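[1] Prediction below, plus the sequence it came from.
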Amino acid sequence: NGEILPLKLVTWSTVGVTLGFLFLTTVFLLCLRAMQCNRTSIVNNGATALFLSELIFILGINQADNPHPPLANPSNIDGNMSI
C-alpha cells in the first residue's frame, strides 16, 4: 500500500483546499447584498452545490476504506455478528 499514500495525500489536500475556497466564495457572495442579481445567485448556488458534492465525495472515500460496513452485510440486519 505504499503507492496509495501519495494518492490519498494529493486527494485529501486538493479536496480540502477546494472545500475551503468554495466555502469562502459562498460566504463572500452571501455578504454582498448590493450585488444581488441572477448571475450572483447562480454562481452562489453553483458554489454551494460543488461544496456539498465535494463533502459527500470525502465522506464516500471514508466509507470505501471499510470494505464491510456493519449494515452492508445482509446477515447482520438482525444484529447477529457472524461472519
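    Sure, I can see it.
[2] For the helix or strand containing residue 45, name the packing helices and strands.
    Assigned by DSSP states H and E, residue 45 falls within helix 38-65. Secondary-structure packing of helix 38-65 (3 or more Cβ pairs under 8 Å, 6 or more residues apart in numbering; DSSP states H and E): helix 4-31. C-betas here are computed from N, CA, C, even on glycine.
[3] circling back to that earlier point, buried ones in the helix holding residue 45, by neighbour count?
    44, 47-48, 50-51, 54 (16 or more other Cβ atoms under 10 Å).
[4] measure residue 22 to residue 7 for me?
    As judged by Cβ to Cβ, to the nearest Å, residue 22 and residue 7 stand 22 Å apart.
[5] Please apply the same query to residue 54.
    17 Å.
[6] Enumerate every residue touching the residue nearest to residue 23 when sequence neighbours are not counted.
    Once flanking residues are discounted, residue 23 sits nearest to residue 51: 6.2 Å by Cβ to Cβ, 6 or more residues apart in numbering. Applying Cβ atoms under 8 Å, 6 or more residues apart in numbering, one finds that residue 51 lies in contact with 19, 22-23, 26.
[7] circling back to that earlier point, quick one: distance of the helix holding residue 45 to the chain centre.
    6 Å (Cα atoms, centre = their mean, to the nearest Å).
[8] cool, and stretch 36-53?
    Worked out by Cα atoms, centre = their mean, stretch 36-53 lies 16 Å from the chain centre.
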